[in-house]
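>>> Structural data only, the sequence is not supplied:
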Ligand SMILES: NC(=O)C1=CN([C@@H]2O[C@H](COP(=O)(O)OP(=O)(O)OC[C@H]3O[C@@H](n4cnc5c(N)ncnc54)[C@H](O)[C@@H]3O)[C@@H](O)[C@H]2O)C=CC1
Ligand SMILES: CC(C)CC(=O)C(=O)O
Ligand SMILES: [Mg+2]
């Protein structure tokens, strides 16, 4: 079990340390950890956010545990040198097009949500976000128009095959779970979304047992907090999925609770190759203070055991320990408590 640990910037190293400690406490057979520099940390040491050595460490591993990248000191750098290019580059180079972001309110933990408890209780959805296309990876730039005004531009596009393969991931997830599938787009305005919708409808013909509906992204944002029980699997593009998943995390209670798996087509001897990371960023406002909630990263390690190592029992064990820790009132500042990163990590390990 070879895992590349890429802690990154800000709270990244703090939260990955706790997830690594959880993995080590499970006495997994043949667990081998490698580490690599990414993000601002890599830029400061190597002059680039994603050094070749790090990409190689990621490639030879069976799975990657990623913290977060982002450093305000790097925000004025040319875009290709910014820390965020590390995670975008890993996703693209490693073909990790399918991003799974489960958001659920654990039974009995409805009080952690800012939503009314009867509404929060219905929140259990899986966002399937396309991860290597859309406006994030299109041509972009700034220019001066003929009028002498500055103009910024970013090209949004999806090719048919990109929509088709992520749609299959979402339909399979819906078929296995028996949940309905909602495809979220902006087809009333964007041609990219019209193509998205057309292809999703074509793919649906292969999954007659799955109930499919389509929703515009603005309505979806509203419904996630007003009627979360309407959603099972949510299929959407890179930009909309990024935004909707932060929204869903707030509805659960904190962005410090939402994990993710980024998968592609590659299989290893153990399972599906993938990158696992919390959905949050490097949180510079609390970095270095031991305040970050490590649960999203710990839950990401659970997703790694499930998808990349076929260890469902260990994944469930971790998820149950996190739920018990929350139920016991071991909460960080993000959830109105006063426990720090290390104390939360230790509490989860005690409950494994
Ligand atoms: N995958 C990645 O590496 C990502 C990187 N970023 C980068 O992170 C940097 C900061 O971005 P922001 O927009 O501030 O988003 P952020 O997710 O880092 O933080 C947003 C807010 O949530 C809080 N927060 C986040 N994670 C938390 C945790 N585990 N426990 C407690 N509170 C937590 C932060 O303190 C902050 O107030 C930027 O450079 C951004 O580009 C942002 C999102 C994802
Ligand atoms: C930093 C971005 C590239 C990514 C992001 O916000 C995310 O994946 O949630
Ligand atoms: Mg995001």
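Yes, it's here. It should be emphasised that the depicted structure is a prediction, and the values quoted were computed from it without experimental measurement. Ligands and ions are numbered 1, 2, ... in the order given.
>>> Contact residues of the chain facing ligand 1?
Residues of the chain found near ligand 1 (C-beta under 6 Å from any ligand atom) are 11, 15, 68-70, 84, 87, 255-256, 277, 280-286, 292-293, 296, 332, 334. Where you see a C-beta, it was placed from the backbone N, CA and C, and this is true even at glycine.
>>> let's go with 5 Å and repeat that
Those residues of the chain that sit near ligand 1, judged by C-beta under 5 Å from any ligand atom, are 68-70, 84, 87, 255-256, 280-283, 285-286, 292-293, 334.
>>> Mind checking which of those residues land in helices?
Those of those mapping onto helices are 84, 87, per DSSP state H.
>>> and ligand 2, which of the residues of the chain next to ligand 1 contact it?
Among the residues of the chain next to ligand 1, the residues that sit close to ligand 2 (C-beta under 5 Å from any ligand atom) are residue 84.
>>> What about the residues of the chain next to ligand 1, which are in strands?
Using DSSP state E, the subset of the residues of the chain next to ligand 1 located in strands is residue 68.
>>> which among the residues of the chain next to ligand 1 end up buried?
68-70, 84, 87, 255-256, 280-283, 286, 292-293, 334 (16 or more other C-beta atoms under 10 Å).
>>> Considering the residues you listed, which is situated nearest to ligand 2?
Lowest distance from ligand 2 to those (C-beta to the nearest ligand atom) belongs to residue 84, with 4.3 Å.
>>> can you pull the contacts of the closest one?
Applying C-beta atoms under 8 Å, 6 or more residues apart in numbering to residue 84 gives the contacts 39, 49, 69, 70.
>>> Could you rerun that using 7 Å?
69, 70 (C-beta atoms under 7 Å, 6 or more residues apart in numbering).
>>> Repeat that for residue 290.
14, 340, 341, 342.
>>> On the three-state scheme, the spatially closest residue to the second one that is not a sequence neighbour is what?
Closest residue to residue 340 apart from its sequence neighbours, by C-beta to C-beta, 6 or more residues apart in numbering: residue 290 at 4.4 Å. Put simply, residue 290 is coil when judged by DSSP: H, G, I helix; E, B strand; the rest coil.
>>> and the residue of the stretch 251-352 of the chain nearest ligand 2?
For the stretch 251-352 of the chain, C-beta to the nearest ligand atom, closest residue to ligand 2: residue 279, 5.2 Å.
>>> Can you report how many residues neighbour the residue of the stretch 151-300 of the chain found nearest ligand 2?
As assessed by C-beta to the nearest ligand atom, ligand 2 sits closest to residue 242 within the stretch 151-300 of the chain, at 4.8 Å. The tally of other residues near residue 242 (other C-beta atoms under 10 Å) stands at 18.
>>> Give me the local confidence score for it.
Note for residue 242: predicted pLDDT of 98.
>>> Apart from its chain neighbours, what residue comes closest to it?
residue 129 (7.0 Å).
>>> Could you verify my assumption that the one you found touches residue 97?
No - applying C-beta atoms under 7 Å as the test, residue 129 and residue 97 come out as separate, 9.6 Å apart.
>>> Tell me which of those two has more neighbours.
residue 129 (28 against 21).
>>> Kindly confirm my reading that that one is in a strand.
Yes - assessed with three-state DSSP, residue 129 lies in a strand.
>>> Okay, and the beta partners of it?
residue 99, residue 236 (DSSP bridges).
>>> Format the contacts of residue 290 as CSV; extra columns: pLDDT.
Shown next, in CSV, are the contacts of residue 290 (pLDDT from 0 to 100):
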residue, pLDDT
14, 98
340, 98
341, 98
342, 98
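>>> For PyMOL, write the select line for the buried members of those.
Applying 16+ other C-beta under 10 Å to the contacts of residue 290, the buried members can be selected in PyMOL as follows:
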select buried, resi 14+340+341
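>>> Now the two most distant members of the contacts of residue 290.
Within those, two members stand farthest from each other by C-beta to C-beta: 14 and 340, at 9.4 Å.
>>> list the contacts for the residue nearest to residue 36 when sequence neighbours are not counted?
Among residues not flanking residue 36 along the chain, residue 54 sits closest, at 3.7 Å (C-beta to C-beta, 6+ apart). Neighbouring residues of residue 54 by C-beta under 7 Å, 6+ apart: 6, 36, 37, 38, 42.
>>> export the residues you listed to a markdown table and tack on secondary structure, pLDDT and neighbour count?
Formatted as a markdown table, those follow (DSSP: H, G, I helix; E, B strand; the rest coil; pLDDT from 0 to 100; neighbours: other C-beta atoms under 10 Å):
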| residue | secondary structure | pLDDT | neighbour count |
| --- | --- | --- | --- |
| 6 | strand | 98 | 31 |
| 36 | coil | 98 | 23 |
| 37 | coil | 98 | 22 |
| 38 | coil | 98 | 32 |
| 42 | helix | 98 | 23 |
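>>> Specify which member of those is nearest to ligand 1.
Ligand 1 lies nearest to residue 38 out of those, by C-beta to the nearest ligand atom, at 8.6 Å.
>>> and the closest one, what is it in contact with?
Residue 38 neighbours (C-beta under 7 Å, 6+ apart): 6, 8, 49, 50, 54, 69, 86.
>>> Pick the one among those residues closest to ligand 2.
Relative to ligand 2, the closest of the contacts of residue 38 is residue 69; by C-beta to the nearest ligand atom it sits at 7.0 Å.
>>> which non-adjacent residue is nearest the residue of the stretch 1-150 of the chain found nearest ligand 1?
Closest to ligand 1 within the stretch 1-150 of the chain is residue 70: 2.2 Å, counting by C-beta to the nearest ligand atom. Among residues not flanking residue 70 along the chain, residue 282 sits closest, at 3.9 Å (C-beta to C-beta, 6+ apart).
>>> Right, I'll leave it there.
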